[in-house]
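> I'd like to go over a predicted model; first the sequence, then the structure.
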Amino acid sequence: MVQRTLVLAAAVIAAGGFVGSAYAQDAVDVDAAKKEGRLVWYTSTPIAIGQKIVDMFEKEYGIKVEMFRSGGSAILRRFHQEMDAGRVAADVMTTSDPAAAAAMTRKGLFVAFRPKDFEQIPEAAKDPQGHYIAQRLNLMTIYLREDKVPPADEPKNWSDVLDPKYKGKLVTTDPSFTSLQVSVVGMMSKNRGWSFFEKLRANDTMVVQSNQQATDMLKRGERLIAVGALDSYAADERMKGHPIKTLYPADGVFVIPSPTSIIKGSPNPNAARLFAAFMISPPVQKLFPAGGGYAARLDVEPPAGAPSLKDMKIVPIDYDYIEKESGRIKRRFNEIFQ
């Protein structure tokens, strides 16, 4: 199998071009979608932005969206439990686990759908047939309380957080709950060995379930540095006036797409297609940089004051490896931090 990695082509982005050629657009029957009148969306999208998407869609089309929001790994567990029971409850699913999306595509669980502007999404962030399409790009990095960590003491790369001077000051998230962290932990352990996390544990690093909880720990001053956490939460808090600074380690950041898929055999297939198309429309895509995150579309600018992806060193992610080793990655992480 050809190794799948996400390294968003800096030259392509810098040039404002696209990866790949134009695609035929799949039609959406809006009248049929309105007759269905509702859809169910399973998502790990940050709750505030997720609710904005729902509100915008309901206002635009008069179609009710029932949103079930949780961590990406929790979403996938619920979905698989329902599928194993022969029950298709969700119409659309957005997680943050590209490896899982690729695996489920091979199992035939998703509908192929290439909506309008499909070509605006980087090739590395979608399935060529449209079985999954990135809703947004997630920047996983390090951020901290800049009022409590002097510039001279800021970690410059990932290995710096293992310094004993940070003992009791670190927080990270659990890959068993947050699927974004599966890719981070998987590649960090593959590239550096599990000793990295053993040393992180020895530094009295706190483990919480979600990125929101990690950010809350910093806001309350209970921890000062978030390691391998989602930058959009830090950006959101900065907008609210909290002194939280994002760092871009010299040895690279992780950029992970959040794939959206239409579930095969779902109760509301036309509403699902309309919602999936809406997800990559310009009004929705612009919500992400407005909230401090990165849109999936190449023609949408990065967040104000944040660097462009072309200016960052990006850690390649081997999604074949992540897919194969996902269970072991979660188990070993929890063995270390239990």
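Yes, it's here. Residues are numbered from 1 along each chain as shown.
> ok, A48 - how many residues close by?
Residues near A48, counting by other C-beta atoms under 10 Å, number 11. Every residue, glycine included, has its C-beta placed from N, CA and C.
> any idea how far D26 is from it?
Separation of A48 from D26 (C-beta to C-beta, to the nearest Å) stands at 30 Å.
> Let me see the ranges of the strands in the chain.
38-43, 64-69, 92-94, 110-111, 133-145, 170-173, 206-208, 225-230, 244-247, 254-263, 294-295 (DSSP state E).
> what's the fourth one in contact with?
If you take C-beta atoms under 8 Å, 6 or more residues apart in numbering as the criterion, strand 110-111 is touched by 101, 104, 131-132, 261-264, 269, 272-273.
> Given it, what are its sheet partners and their directions?
Applying DSSP bridges, strand 110-111 is found paired with strand 254-263 (antiparallel).
> What are the buried residues along the partner strand?
By neighbour count on 16 or more other C-beta atoms under 10 Å, the buried set for strand 254-263 is 254-263.
> Let me know the angle separating that strand from strand 133-145.
Angle, strand 254-263 to strand 133-145, by axes from the mean of the first three to the mean of the last three C-alpha atoms, to 10 degrees: 140 degrees.
> average model confidence for strand 254-263?
Mean per-residue pLDDT for strand 254-263: 95.
> Put the alpha carbons of that strand into CSV.
The C-alpha trace of strand 254-263 is given here as CSV (Å, rounded to 0.1, in the frame of the first residue of the first chain):
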residue,chain,number,x,y,z
PHE,A,254,1.3,18.6,13.1
VAL,A,255,-1.4,19.5,10.6
ILE,A,256,-4.3,17.1,10.7
PRO,A,257,-7.5,17.3,8.6
SER,A,258,-10.9,16.7,10.1
PRO,A,259,-12.8,14.6,7.5
THR,A,260,-16.5,14.8,6.9
SER,A,261,-18.3,11.8,5.4
ILE,A,262,-21.9,10.9,4.4
ILE,A,263,-23.0,7.7,5.9
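> okay, the angle between that strand and strand 38-43?
Using the same axes, to 10 degrees: strand 254-263 against strand 38-43 is 150 degrees.
> Pull the distance from strand 254-263 to the chain's centre.
With C-alpha atoms, centre = their mean, to the nearest Å as the basis, strand 254-263 stands 7 Å off its chain's centre.
> Also stretch 282-300?
13 Å.
> Domain-wise, how is the protein divided?
Per automatic domain parsing, the structural domains of the chain span 10-137+256-311, 140-254+318-337.
> mind listing the helices in this protein by residue range?
With DSSP state H as the criterion, the chain has helices at 10-15, 30-36, 47-61, 72-84, 98-106, 179-192, 195-202, 211-219, 231-239, 269-279, 282-285, 287-290, 319-337.
> got a markdown table for those, with mean pLDDT and distance to V149 too?
Below are these laid out as a markdown table (pLDDT from 0 to 100; distance: least, C-beta to C-beta, whole Å):
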| stretch | mean pLDDT | distance to V149 |
| --- | --- | --- |
| helix 10-15 | 37 | 30 |
| helix 30-36 | 98 | 50 |
| helix 47-61 | 97 | 27 |
| helix 72-84 | 93 | 29 |
| helix 98-106 | 93 | 32 |
| helix 179-192 | 95 | 21 |
| helix 195-202 | 98 | 17 |
| helix 211-219 | 96 | 10 |
| helix 231-239 | 91 | 13 |
| helix 269-279 | 98 | 37 |
| helix 282-285 | 97 | 33 |
| helix 287-290 | 94 | 26 |
| helix 319-337 | 95 | 23 |
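> Which among these is found nearest to K169?
Closest of the helices of the chain to K169 is helix 211-219, at 10.0 Å (criterion: C-beta to C-beta).
> packing partners for that closest one?
Using 3 or more C-beta pairs under 8 Å, 6 or more residues apart in numbering; DSSP states H and E as the contact test, the elements touching helix 211-219 are strand 133-145, strand 170-173, strand 206-208, strand 225-230, helix 231-239, strand 244-247.
> mind redoing it with 7 Å?
For helix 211-219, the elements it packs on are strand 170-173, strand 206-208, strand 225-230, helix 231-239, judged by 3 or more C-beta pairs under 7 Å, 6 or more residues apart in numbering; DSSP states H and E.
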